[in-house]
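Chemist: this one's structure only:
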């Protein structure tokens, strides 16, 4: 079941495909337009739940597309703007844009912005909340909340994504390279020791919380979230 349909509008096909890759990982359906007029046609025919809209477009620009959409719909809109372009926040708000992102951007940041705007506009469905629970542990990746024994623990986003990934796959062993690829993404060019550092920080938060699960090192291989019978 799709979490919703997102229309991505940008004349740069590489950006469109990058966004498609990340957004579809979040269970959204993605449709793409490369110019303003095509965007309006797809908006009318596909009825998307959300629009990612570049400002500089062939034909009708992003401002024009936003203006036309707002004549008939309150569908959430995030504007995309290249670094160095003048982005008039007042104009954006007056036209009805909900947020904006400056290029170059982290694709995962865009996904987080989409989730945030959807929460603000009441578009997030309860059935699509990404949450995993174990004894005395709750990891909610929709709201980026980690709770230990009912108490919320301040946790950086990447640590949240890592523990969510491990806890969602109990007793499965992941190598460091797998975790880098699946949590940090294919566009990350860091050192595998990054994983060790994040695991160490998570252990400091989770040590001794429960005797029913443990964040375990599998020597010579990697890590797993071990659930005890």
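Modeler: Good, I have the coordinates. Keep in mind that what you see is a predicted model, and the values were worked out from it rather than measured.
Chemist: alpha carbons only for contacts and neighbour counts from here, please
Modeler: Will do.
Chemist: strands of this structure, residue ranges please.
Modeler: 5-9, 29-33, 50-54, 77-82, 99-103, 131-134, 137-140, 145-148, 151-153, 174-175, 213-218, 222-227 (DSSP state E).
Chemist: any idea which of those strands scores lowest on pLDDT?
Modeler: Mean pLDDT is lowest for strand 99-103 among the strands of the chain, at a mean of 81.
Chemist: what lies in contact with that strand?
Modeler: Contacts to strand 99-103, defined as CA atoms under 8 Å, 6 or more residues apart in numbering, come from residues 77, 78, 79, 80, 81, 82, 83, 110, 113, 117.
Chemist: buried sites along it?
Modeler: 99, 100, 101, 102 (16 or more other CA atoms under 10 Å).
Chemist: next, format those as TSV and append distance to residue 135.
Modeler: Shown next, in TSV, are those (distance: CA to CA, whole Å):
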residue	distance to residue 135
99	37
100	39
101	38
102	41
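Chemist: helix or strand with the lowest mean pLDDT in the protein?
Modeler: None of the helices or strands of the chain scores lower by mean pLDDT, DSSP states H and E than helix 89-95, at a mean of 66.
Chemist: what's the closest non-adjacent residue to residue 23?
Modeler: Computed as CA to CA, 6 or more residues apart in numbering, the closest residue to residue 23 that is not its neighbour in sequence is residue 111, at 6.3 Å.
Chemist: pretty sure the one you found sits against residue 24.
Modeler: No: taking contacts as CA atoms under 8 Å, residue 111 lies outside contact range of residue 24: 9.9 Å.
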